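[1] Dropping the sequence and predicted coords here.
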Amino acid sequence: MNNQTTLNKLNEKVSQILQEFHAMKGENEMMRNEIVTLKADCELKNQEIEKVIEENSKKDIEIEEIVNKIESILG
């Protein structure tokens, strides 16, 4: 009878471990999906930042050209 009790305990523990494993597996998959989404969002943000930097550089050049024209007119 004692063997049966030990076997039942072992069976319960194995079942608990399997449940935890499946729960963690699902959580892991959700996290992987979230990482993929976050990486895509990050890439979009990086592209936006690059665009803003490029536009800022163009504006700096325009400002420099305007300053040069003003300086040439003034003197």
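    Nice, thanks for sending it over. Numbers count the residues shown, from 1 in each chain.
[2] What helix or strand is the residue nearest to the spatial centre of the chain located in?
    By CA atoms, centre = their mean, the chain has its centre lying nearest to residue 38, at 2.7 Å. Element membership of residue 38 [criterion: DSSP states H and E] is helix 2-74.
[3] what about the residue nearest to the centre of the chain, distance to residue 51?
    Taking CB to CB, to the nearest Å as the measure, residue 38 falls 20 Å from residue 51. (Each C-beta comes from the backbone N, C-alpha and C, glycine too.)
[4] Ok, residue 11 next?
    From residue 11 to residue 51 the distance is 60 Å (CB to CB).
[5] same deal with residue 29?
    Applying CB to CB to residue 29 and residue 51 gives a distance of 34 Å.
[6] swap in residue 66?
    Relative to residue 51, and taking CB to CB, residue 66 is found at 23 Å.
[7] and if you look at residue 14?
    55 Å.
[8] What residues does residue 69 make contact with?
    The neighbourhood of residue 69, defined by CB atoms under 8 Å, 6 or more residues apart in numbering, contains no residues.
[9] do you know how far it is from residue 19?
    Going from residue 69 to residue 19 by CB to CB gives 75 Å.
[10] Then residue 61?
    With CB to CB as the criterion, residue 61 and residue 19 are 63 Å apart.
[11] Over to residue 49?
    Using CB to CB, which is the criterion applied here, residue 49 is 44 Å from residue 19.
[12] How about residue 70?
    Counting by CB to CB, the gap from residue 70 to residue 19 is 75 Å.
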